[in-house]
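[1] Fold the stuff below for me.
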Amino acid sequence: MSEKYYRPDWAPDNAGKEFAASVVAGVDGDHDGMPVPYLNIPRRRLLTLDEYVAGVINTDRNILGRAITLVESNAQSHFDMGQKLLQRLLPYTGKSIRIGITGVPGAGKSTFIEALGMHLCEQGHKVAVLAVDPSSTVTRGSILGDKTRMELLSRNKNTFIRPSPSNGTLGGVARKSRETILVCEAAGFDVILVETVGVGQSETTVRSMVDFFLLLMIAGAGDELQGIKKGIMELADALLVNKADGDNKIRAKAACIDYNRALHYLAQATEGWYTKAYTCSSLNGEGIEGVWSVINNFRQNVASSGVFEKRRKRQNLDWVYSMVEEHLRTSFFNNTHVGAIRTQIEEAVISGNIPPTVAAQMLIEKYED
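    Here you go, the predicted structure:
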């Protein structure tokens with residue numbers, strides 16, 4: 001064998017020449033023969049709290065992205081810094097309209113957000129899009145390809161798009177979406193659009209962090225009754241039948257009439273506001289301006305009645321207890337006593353030796369010891 005190649009240590013001892021695998025020997029230099037000076041790239045400097053605050057307030061996109069990464073991090077050192085940052089930014093928050101957008105897969109959420117976002121930018125608004133991608137239950141990874149579906153919007157200087165993985169969170173929103181909303185508000189974005197993965201009746205989490213909840217629907221996709229889901233429709237402040245263009249325009253208008261009839265029998269999502277269905281085409285922009293008018297009317301209505309402020313306060317309390325629940329869950333699974341018997345109890349449940357209720361009680365008793 002040539003000096004440039006050698007047999008790997010995992011090769012069979014009795015392997016002959018037919019065993020073709022070989023490993024290339026190293027080269028001079030540090031990496032791929034490149035001289036060391038090219039590799040001495042300095043690590044990104046850690047920012048101080050004051051630099052984070054100043055960067056966010058001045059809408060420095062680089063620092064804004066790093067600030068969001070900081071508050072999303074699970075590392076304890078990052079958590080402490082992130083909480084201090086949020087405390088400093090709090091006086092600059094609360095001045096936006098927070099809009100949750102969900103819908104069945106294929107409803108055109110990303111296309112609609114781009115059409116609405118471009119319209120808002122033309123009106124002088126600054127738009128932040130928190131696009132949540134579903135995470136794989138196998139690899140825990142996400143594609144995070146929303147920017148590629150919002151090509152025009154992602155290039156607009158008055159927008160900021162932040163894709164985040166859902167990490168399996170119920171409701172299809174990232175765990176730290178509330179913190180991200182506050183950071184974006186402090187950066188001067190007056191319209192926050194939260195796009196969810198659209199997982200059905202678990203969208204309560206989205207409702208608990210936005211002011212206006214928009215449900216996107218499509219017509220001509222099969223049984224129209226499948227779209228009339230009481231649980232999700234009762235959360236929505238408006239229903240929007242998207243893709244009302246071309247041959248589908250008549251079907252979209254018919255579906256809109258059906259949804260409006262159904263809404264008469266459902267409880268309203270917001271006190272003093274009557275949910276209605278509308279149509280639009282994200283492709284040609286028809287109806288986009290009307291959607292924004294509906295949102296503006298909603299904001300004026302609930303602000304004058306005090307419902308807007310009341311909802312924001314209730315959401316802050318929900319935020320407190322969701323963080324408590326998260327802390328308790330983490331504390332439980334990181335508990336050494338629970339970890340010592342967890343595998344044994346799981347095997348006993350799987351084999352049918354003990355029922356799940358007894359197993360849960362055993363784990364809780366170990367946690368409370």
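[2] Can you pull the poorly scored residue ranges out of the stretch 151-300 of the chain?
    Low-confidence segments of the stretch 151-300 of the chain (pLDDT under 70): 165-175, 197-203, 220-231.
[3] send the alpha carbons of the helix or strand harbouring residue 71 over as PDB?
    Assigned by DSSP states H and E, residue 71 belongs to helix 61-72. Presented in PDB, the C-alpha positions along helix 61-72 are these (Å, rounded to 0.1, in the frame of the first residue of the first chain):
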ATOM      1  CA  ARG A  61     -30.200  43.400  12.900                       C
ATOM      2  CA  ASN A  62     -27.000  41.500  13.800                       C
ATOM      3  CA  ILE A  63     -27.400  42.300  17.500                       C
ATOM      4  CA  LEU A  64     -31.200  41.800  17.300                       C
ATOM      5  CA  GLY A  65     -30.600  38.200  16.100                       C
ATOM      6  CA  ARG A  66     -28.100  37.600  18.800                       C
ATOM      7  CA  ALA A  67     -30.400  38.900  21.400                       C
ATOM      8  CA  ILE A  68     -33.200  36.600  20.300                       C
ATOM      9  CA  THR A  69     -30.700  33.700  20.300                       C
ATOM     10  CA  LEU A  70     -29.800  34.700  23.900                       C
ATOM     11  CA  VAL A  71     -33.300  34.700  25.200                       C
ATOM     12  CA  GLU A  72     -34.100  31.400  23.400                       C
END
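[4] buried residues in that helix?
    Neighbour counts using 16 or more other C-beta atoms under 10 Å place 63, 64, 66, 67, 68, 70, 71, 72 of helix 61-72 among the buried residues. Just so you know, the C-beta spots here come from the backbone N, C-alpha and C atoms, and that holds for glycine as well.
[5] Of these, which is the nearest to residue 237?
    Nearest to residue 237 out of the buried residues of helix 61-72 is residue 68 (C-beta to C-beta; 26.5 Å).
[6] Surely that closest one and residue 182 touch.
    No - if you go by C-beta atoms under 8 Å, residue 68 and residue 182 don't touch, sitting 10.1 Å apart.
[7] in stretch 326-343, what's buried?
    335, 338, 342.
[8] which among these gets closest to residue 298?
    residue 335 (45.3 Å).
[9] Sticking with the spatially closest residue to that closest one that is not a sequence neighbour, tell me its helix or strand.
    Nearest residue to residue 335, sequence neighbours excluded (C-beta to C-beta, 6 or more residues apart in numbering): residue 367, at 5.2 Å. Using DSSP H and E, residue 367 maps to helix 356-368.
[10] Buried residues in that helix, which are they?
    For helix 356-368, burial by neighbour count (16+ other C-beta under 10 Å) applies to 359, 362, 363, 366.
[11] how about the nearest residue to the second one, chain neighbours excluded?
    Closest residue to residue 362 in three dimensions, ignoring its sequence neighbours and counting by C-beta to C-beta, 6+ apart: residue 345, at 5.9 Å.
[12] now the strand or helix carrying that neighbour against helix 356-368, angle please.
    If you go by DSSP H and E, residue 345 is part of helix 336-351. Counting by axes from the mean of the first three to the mean of the last three C-alpha atoms, to 10 degrees, helix 336-351 lies at 170 degrees to helix 356-368.
[13] For helix 336-351, report the contacting residues that lie outside it.
    Contact with helix 336-351 is made by 332, 333, 354, 355, 356, 359, 362, 363, 366, 367, 369, as judged by C-beta atoms under 8 Å, 6 or more residues apart in numbering.
[14] burial count for the closest residue to the third one other than its chain neighbours?
    What that stands for is residue 354. Spatially, and ignoring its direct neighbours in sequence, residue 354 is nearest to residue 348 (4.8 Å; C-beta to C-beta, 6+ apart). Counted by other C-beta atoms under 10 Å, the residues lying close to residue 348 total 16.
[15] How about the one 4 residues further on?
    Summarising burial for residue 352: neighbours were counted as other C-beta under 10 Å, giving 7.
[16] residues in contact with it?
    Applying C-beta under 8 Å, 6+ apart to residue 352 gives no contacts.
[17] And the pLDDT at it?
    What the model reports as pLDDT for residue 352 is 93.
[18] Residue 151 versus that one, what's the distance?
    According to C-beta to C-beta, to the nearest Å, residue 352 and residue 151 sit 54 Å apart.
[19] Residue 90 now?
    Residue 90 is 34 Å from residue 151, where distance means C-beta to C-beta.
[20] now residue 357
    52 Å.
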